[in-house]
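Colleague: got a predicted structure plus its sequence, pasted below:
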Amino acid sequence: MLIKVYGSAVFGVEATNITVEVNVDSGIGYHLVGLPDNAIKESSFRIQAALKNNGYKLPGKKITINMAPADLRKEGSAYDLTLALGILTASSQIKAPNISEYIIMGELSLDGSLQPIKGALPIAIKALEDGFKGFILPKQNAKEASIVDGLEVYGVENITEVIDFFDKGQTLEQTIINTREEFYKNLEHPKFDFSEVKGQESIKRCMEIAAAGGHNIIMIGPPGSGKTMLAKRLPSILPPMTLHEALETTKIHSVIGNVKEETGLMANRPFRSPHHTISDVALVGGGAYPQPGEISLSHNGVLFLDELPEFKRSVLEVMRQPLEDREVTISRAKFTVTYPSSFMLVASMNPSPGGYFNDPDAPVTSSPAEMQRYLSKISGPLLDRIDIHIEVTPVPFDKLSEERKGESSAEIRARVTEAREKQAERFKDIEHIHYNAQMDVKQIRMFCELDESSKTLLKTAMEKLNLSARAYDRILKVARTIADIENQDNITSSHISEAIQYRSLDRDGWLG
């Protein structure tokens, strides 16, 4: 008897539905075809034990299973439940006339209980698109999948619940959540707050500009000056995620099984801080079976690279294209996957190997040659792609010992959100552009017009600092953001002047 059951495979952040054809015929043998990986090939042992421990059996006949499309590689243990239901139905141990209306996924334990799967959200989205009535999956993933409106989602704990649902008509508890209500309920207050930062008013101003325009930023300063402390507080002043951004972000984290069971929908912007020993594949994504890397997991959030020169140069260089295109494309012989990677890059570094630069009172000093060698680990093209370079100086004792608290993150976030709303209105008719950092050359020429005094000032700076064309565009973008924060329609020379100050590494005495 031939039966068709439906599962799904995830490639990149999109799902493809898989037809599992199970044929039980006279003879002996278990044949699984359709490019399954080792985890799927081993499923027969898990299925046999799970069925036996729940009063069923693997039939002693010839079982042929085809996972179509047969030329597409399938991986993971999430097909256990799909295969088990197909075998039971094809061997007439249960009746399931409506089994083809559902996507069924789940990893089986030997006692028949179900383990969570990866990629529940993209699978649910694809199931709805292809007209399936419902999605049966492990209970741990039910909230995540039920974000998709219009699809019946049933979270189950044991294979017997699924068997009784199809064979005996017993009801399963449908998981229903109000997506908008769930989203706003999970908007938490950030763990870190800018009110805890003593002094550093100029750096806070930089952080506000970076957050308002989505600009990449690098902080250069000696150890203990507060670079990491400031970076960790950046997400607290970013505007709250929109529902669309939350769905996009959840989808990426779902692929690697990184969504918490109790929330379902990610409501807070991601903050990723990989160690400097990270490989280029772990950073941008890839591998034999491609997975999203840190830059994609930072999508709609912040990627913080602490001690930037300590990262391998090859690792930093692979970021150049994603920083421009805001997506990563990974190509293999038989397929290509694209991961979104629209993130804010925040980097920090010491100015020299010893941590101090041109400071006669410093406990450790470095020679000019050592300092140049240290800074040369970061390429000019990568620095060009970072809009704001700012020096962070140590906080003096009188500031550290102040009892008065600084401006809170909530106050700064209000100004940032207002500036972002102004940008959203400006770019409402332009697809994929939402804030100033995303502007390309065409939009820069359209929205960053300069008066004569501003042009003269920028020309002088370009000639003196020997800035590249890309640095020119970065200055205009930052100036546009400064004008937005001050609620001004036109860029003035004061905005240009401030933006030029945020190109520290282009000045003499840094990179030569």
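Modeller: Structure's in. What do you need?
Colleague: what's stretch 119-129 in contact with?
Modeller: Counting contacts by Cβ atoms under 8 Å, 6 or more residues apart in numbering, the residues outside stretch 119-129 that touch it are 8, 10, 13-17, 78, 103, 105, 134-135, 137, 141, 144-148, 150-151, 153, 247, 250-251, 254-255, 257, 259. For every residue, glycine as well, the C-beta is placed using N, CA and C.
Colleague: make it 6 Å
Modeller: Taking contacts as Cβ atoms under 6 Å, 6 or more residues apart in numbering, the residues outside stretch 119-129 that touch it are 8, 10, 13-15, 103, 135, 141, 144-145, 148, 150-151, 250-251, 254-255.
Colleague: residues contacting V10?
Modeller: In this structure, V10 makes contact with G119, P122, V255, judged by Cβ under 6 Å, 6+ apart.
Colleague: what pLDDT is listed against it?
Modeller: At V10 the predicted local distance difference test score is 92.
Colleague: please apply the same query to the one 3 residues further on.
Modeller: According to the prediction, V13 has pLDDT 89.
Colleague: tell me who's in contact with it.
Modeller: Each residue near V13 by Cβ under 6 Å, 6+ apart is listed here: P122, K251, I252, V255.
Colleague: for I295, same thing?
Modeller: I295 makes contact with V284, L303, P322, S341 under the criterion Cβ under 6 Å, 6+ apart.
Colleague: CA-only coordinates of stretch 294-301 in CSV, if you can.
Modeller: As requested, the backbone C-alpha atoms of stretch 294-301 are provided in CSV (Å, rounded to 0.1, in the frame of the first residue of the first chain):
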residue,chain,number,x,y,z
GLU,A,294,26.9,35.7,13.5
ILE,A,295,26.3,38.5,11.0
SER,A,296,22.9,37.1,10.1
LEU,A,297,22.0,36.3,13.7
SER,A,298,22.7,40.1,14.3
HIS,A,299,20.1,41.0,11.6
ASN,A,300,18.0,44.0,12.8
GLY,A,301,20.3,44.3,15.8
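Colleague: need the strands for the stretch 351-500 of the chain, in chain order.
Modeller: For the stretch 351-500 of the chain, the strands defined by DSSP state E, counting those that start in this stretch cover 388-391.
Colleague: show me where pLDDT drops low in it?
Modeller: Using pLDDT under 70 as the threshold, the predicted model of the stretch 351-500 of the chain has low-confidence ranges 354-366, 397-398, 400-401.
Colleague: so how far is M349 from P270?
Modeller: Note on P270: its distance to M349, by Cβ to Cβ, to the nearest Å, is 22 Å.
Colleague: same question for P292.
Modeller: 26 Å.
Colleague: tell me which of those two has more neighbours.
Modeller: For P292 and M349, the more surrounded residue by other Cβ atoms under 10 Å is P292, and the numbers stand at 26 against 23.
Colleague: quick one: contacts for that one?
Modeller: By Cβ under 6 Å, 6+ apart, the residues touching P292 are I252, G285, Y339.
Colleague: adding pLDDT, secondary structure and distance to F447, write those out as CSV.
Modeller: Conversion of the contacts of P292 to CSV gives the following (pLDDT from 0 to 100; DSSP: H, G, I helix; E, B strand; the rest coil; distance: Cβ to Cβ, whole Å):
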residue, pLDDT, secondary structure, distance to F447
I252, 94, helix, 30
G285, 89, strand, 32
Y339, 91, strand, 29
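Colleague: of those, just the buried ones, PyMOL syntax please.
Modeller: Isolation of the buried members of those (16 or more other Cβ atoms under 10 Å) is achieved in PyMOL through the command below:
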select buried, resi 252+285+339
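Colleague: export the contacts of P292 as TSV, with columns for distance to D37.
Modeller: Below are these laid out as TSV (distance: Cβ to Cβ, whole Å):
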residue	distance to D37
I252	22
G285	19
Y339	21
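Colleague: which one among the contacts of P292 gets closest to F165?
Modeller: The closest of those to F165 turns out to be I252 (Cβ to Cβ; 31.4 Å).
Colleague: A246 versus the closest one, what's the distance?
Modeller: From I252 over to A246 (counting by Cβ to Cβ), the distance is 11 Å.
Colleague: tell me where the stretch 201-350 of the chain has helices.
Modeller: Counting by DSSP state H, counting those that start in this stretch, the stretch 201-350 of the chain has these helices, from start to end: 201-213, 227-233, 243-255, 280-284, 294-297, 313-317, 320-325.
Colleague: for the stretch 401-512 of the chain, same thing?
Modeller: With DSSP H, counting those that start in this stretch, the ranges of helices along the stretch 401-512 of the chain come out as 409-426, 441-447, 452-465, 469-485, 493-501.
Colleague: for K62, what are phi and psi?
Modeller: Backbone geometry at K62, expressed as degrees, to the nearest 10, gives phi -80, psi 120.
Colleague: how much space between it and S44?
Modeller: According to Cβ to Cβ, K62 stands 13 Å off from S44.
Colleague: neighbour-wise, which of these two wins?
Modeller: Higher neighbour count among K62 and S44: S44, with 18 against 14, using other Cβ under 10 Å.
Colleague: quick check: end-to-end length of stretch 151-170?
Modeller: 19 Å (Cα to Cα, to the nearest Å).
Colleague: buried stuff in that stretch?
Modeller: In terms of neighbour count (16+ other Cβ under 10 Å), stretch 151-170 has its buried residues at 151-156, 158-163, 165-166.
Colleague: with distance to A469 and pLDDT added, can I get the residues you listed in CSV?
Modeller: As requested, those are arranged in CSV below (distance: Cβ to Cβ, whole Å; pLDDT from 0 to 100):
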residue, distance to A469, pLDDT
L151, 49, 95
E152, 55, 96
V153, 51, 97
Y154, 56, 97
G155, 54, 96
V156, 58, 97
N158, 63, 97
I159, 62, 97
T160, 66, 96
E161, 63, 97
V162, 61, 97
I163, 66, 96
F165, 63, 96
F166, 64, 96
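Colleague: go through those residues and name the one nearest P36.
Modeller: I159 (19.9 Å).
Colleague: one step back: buried ones among the contacts of V10?
Modeller: Restricting these to buried positions leaves G119, P122, V255, with burial counted as 16+ other Cβ under 10 Å.
Colleague: highest mean neighbour count out of the helices of the stretch 401-512 of the chain?
Modeller: Neighbour counts averaged per stretch over the helices of the stretch 401-512 of the chain are highest for helix 469-485, at a mean of 23; criterion: mean count of other Cβ atoms under 10 Å.
Colleague: residues contacting it, please?
Modeller: Contacts of helix 469-485 (Cβ under 6 Å, 6+ apart): 209, 212-213, 384, 387, 419, 422, 436, 439, 444, 448, 491, 495-496, 498-499.
Colleague: among the residues you listed, which pair sits farthest apart?
Modeller: Comparing all pairs in these by Cβ to Cβ, the longest separation belongs to D384 and K422, at 26.6 Å.
Colleague: report the central residue of this structure.
Modeller: Using Cα atoms, centre = their mean, the residue of the chain that lies closest to the mean C-alpha position is L297, 2.4 Å off.
Colleague: leaving out chain neighbours, which residue sits closest to it?
Modeller: Computed as Cβ to Cβ, 6 or more residues apart in numbering, the closest residue to L297 that is not its neighbour in sequence is R272, at 5.5 Å.
Colleague: and the one you found, how close does it get to D306?
Modeller: Using Cβ to Cβ, R272 is found at 11 Å from D306.
Colleague: how about V13?
Modeller: Taken as Cβ to Cβ, the spacing of V13 relative to D306 amounts to 27 Å.
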